[in-house]
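In: got a sequence here, can you build the structure:
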Amino acid sequence: MKNILLKPANALLLVLLTLFTVMACRDNNDDVTYQASKPEITMVSSSVIENEDGTKTTVDPLEETHVGYANNMYVIVGKGFASLKHIYFNDHESSFNPNLVTDTHIFVTVDKDTPYDADASKKLKIETAFGTAEYDFTIAPPAPVFGSFDPVNAADGDEVTIYGNYFVDPVVMVGDQQAEIESYDLTRIKIKLPQGSQGKKMTITTLSGTVTWNTAVGTALFDDNFYAPFNIGDWNGYELVDDPDTAYQGNIYIKQKMSGWGNMQSDWIWDEDNVKKYTGIKFAVRSDGAGKLVMIFNGNYWGDSSRAFKTTSTWQEVTYKWSELGNPQAIQNISFQEFSGQETTYYFDNFTFTTD
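Out: Numbering: from 1, shown residues only. Predicted coordinates:
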């Protein structure tokens, strides 16, 4: 006896077609005058759901929803659909396959360009030869993207700008306190920091999900500016690049061309307080092409290949806990040695302390 295995996508299509065939057979038994009636929408349901492992399962039985996403398929349930002409989500038309329309069910994929901004109508509308019907239905944006916020070292009560994308009706939390939103659009949110924000991380929640930025308020050593006592001396020959579109955090980042085995060194300081207050340090780094660096902490690890890390043209965040740095009593110096042996341009941003 042969075992026939169906690929998940084919199996899902088979289930959908079977479900649709059953619905169509039911419709064929309906009275003709019923099919010619004014349309009514009683519910909308997702046709499939995505499981935690990434697989998809047919929704059975159908479950009512008033929220959907562009480029996803939904089932519209009601009556009077047989003469369907148009389907609109947020006044934007979605095409449909007539073979997936019965008098009581419509399978439709929301057009990928359907708007989801706050001014959208939040309505599903269908038009047939015998009238129109509407249903409250919100097209949700993609999950919010938290790009950065500026300035990191803002005081409680100060204004902070959050950068990212898909900010539709956002709620911003700083730790467990909700921030007052002064203004927002799709890519920026201006908030007023609540009391008790220092050392706390920001979280943005929209209809489509929640995201937290990994930098806590008030923890910056460099964020568009150097914060005392940390500083990298001008004699290193670095540049400050002001370009928010390519910065990892905020607007300004450091550009340093290093010769093979060269270095970039910070000034020598003595900072005990922040070692006691925080759990470590982190920074963002990238390079023009493939690179390799060693972070020199408090004058240690020069030429130590075991501590080298590779860099690429994409920003990456590098974190060191105090335990990985010998449990220092104070921060004295943070420097970098070029370790690829080739002249390479490196970029640094978001030098901050860690809180967890």
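In: which residues does the spatially most central residue of the chain contact?
Out: Centroid check for the chain by C-alpha atoms, centre = their mean gives residue 145 as the closest residue, at 2.7 Å. Taking C-beta atoms under 8 Å, 6 or more residues apart in numbering, we find residue 145 in contact with 164-166, 211. All C-beta atoms are positioned from the backbone trio N, CA, C, and that covers glycine.
In: if I look at it, how far off is residue 286?
Out: Using C-beta to C-beta, to the nearest Å, we find residue 145 at a distance of 19 Å from residue 286.
In: go on, residue 159?
Out: Residue 159 is 29 Å from residue 286, by C-beta to C-beta.
In: and if you look at residue 122?
Out: Counting by C-beta to C-beta - residue 122 and residue 286 are separated by 41 Å.
In: equivalent analysis for residue 60, please.
Out: 48 Å.
In: quick revisit: of residue 159 and residue 286, who's got more company?
Out: Taking neighbours as other C-beta atoms under 10 Å, residue 159 and residue 286 compare with residue 286 leading, 19 against 13.
In: quick one: pLDDT of the residue nearest to the centre of the chain?
Out: pLDDT, the model's per-residue confidence, is 94 for residue 145.
In: same deal with residue 1?
Out: 27.
In: helices of this protein, residue ranges please.
Out: Taking DSSP state H, the helices of the chain run over residues 8-28, 32-35, 273-277.
In: how about residue 348, what does it touch?
Out: Taking C-beta under 8 Å, 6+ apart, one finds 222, 253-254, 256, 283-285, 336 in contact with residue 348.
In: mind listing the residues bridging to it?
Out: residue 254, residue 285 (DSSP bridges).
In: low-confidence ranges in the stretch 151-300 of the chain?
Out: Within the stretch 151-300 of the chain, no stretch has pLDDT under 70.
In: if we go to 90?
Out: 250 (pLDDT under 90).
In: tell me where it has strands.
Out: Assigned by DSSP state E, counting those that start in this stretch, the stretch 151-300 of the chain shows strands spanning 159-165, 171-174, 177-178, 180-184, 188-192, 202-206, 209-212, 220-222, 239-242, 252-258, 263-265, 280-287, 291-297.
In: and of those strands, who's closest to residue 313?
Out: strand 280-287 (5.9 Å; C-beta to C-beta).
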